[in-house]
Each structure stands twice: as structure tokens, then as C-alpha cells.
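A.B. asks: Have a look; sequence and predicted model below, questions after that.
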Amino acid sequence: MEVFSSKDLTVPLEPKPSIESGVLFFSYRNGVTYPRSIRVISKILGLSVPIVLEPVTISERGVKVVEEDQYLAKEKIVETFEGLQKTLALKLKQPVRRRF
């Protein structure tokens with residue numbers, strides 16, 4: 001999980017999104033999916049899958065943005081992942097509670 005909180009995180013999205021009812025969908029490059037990673041992130045954050053961080057939704061298949069302009073959509077994705085990185089970094093630094 002340290003990779004997800006790293007400043008060097010690169011999200012491998014296809015450059016051209018598909019358009020679905022005013023929503024842009026960026027699939028991961030080469031048709032790859034990330035079901036395990038998304039489940040782990042959602043568990044750490046206490047959210048369900050897909051991870052909804054308005055206006056961005058992150059799923060195992062890709063990233064959906066409620067935006068019609070590709071440039072603005074990409075900005076929103078970057079902002080969302082930056083926030084996600086910071087949140088994960090904080091969560092991962094918390095001490096683990098042990099059950100006895």
C-alpha cells in the first residue's frame with residue numbers, strides 16, 4: 001500500500017476516455033483491471049467499491065468523472081488521486097490496534 005501513498009504514484013489510464021451520458025470514463029491501459037487494489041484501498045478508507053470521491057469514481061475497470069471536458073476531467077482525476085494519496089499516507093501511519 002505504500003506505493004499508493006507515494007508521491008511517485010502513476011495511474012495508468014488510457015489517454016482518450018469514452019463518453020457515457022455526460023460522464024467521461026478512462027479505462028486502465030491495455031485493458032488491465034485492479035480488483036484487489038481497489039478492494040484494499042476501499043477497506044482502508046472504510047468505503048464501498050466502487051470508491052466514490054465526487055466527482056470521481058474509481059473502480060476496478062477504470063475511473064469515471066462527471067465532466068464533459070477531457071482537460072478538466074484529467075485535472076479532477078489528478079486532484080482526487082492527490083487527496084487519496086494523502087489520506088492513505090495518514091491512514092497507513094496510524095498504529096495498528098491489536099486484539100488479544
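C.D. replies: Perfect, I can see it now.
A.B. asks: and the residue positioned nearest the centre of the chain, what does it touch?
C.D. replies: In the chain, the residue lying closest to the centroid (C-alpha atoms, centre = their mean) is residue 58, at 4.5 Å. Contacts of residue 58 were listed using C-beta atoms under 8 Å, 6 or more residues apart in numbering, and they are 38, 41, 50, 51, 80, 84. In this view, the C-beta of every residue, glycine as well, is placed from N, C-alpha and C.
A.B. asks: For it, list each beta-bridge partner.
C.D. replies: Using DSSP bridges, the bridge partners assigned to residue 58 are residue 51, residue 63.
A.B. asks: Kindly report the same for residue 13.
C.D. replies: Bridge pairing for residue 13 (DSSP bridges) gives the partners residue 28.
A.B. asks: Can you give me the distance of it to residue 91?
C.D. replies: Distance, residue 13 to residue 91, by C-beta to C-beta, to the nearest Å: 24 Å.
A.B. asks: any idea which of the contacts of residue 58 is closest to residue 72?
C.D. replies: Relative to residue 72, the closest of those is residue 80; by C-beta to C-beta it sits at 12.5 Å.
A.B. asks: Got the confidence number for the nearest residue to that closest one once chain neighbours are set aside?
C.D. replies: Nearest non-adjacent residue to residue 80, counting by C-beta to C-beta, 6 or more residues apart in numbering: residue 56, 4.2 Å away. Residue 56 is assigned 97 on the pLDDT scale.
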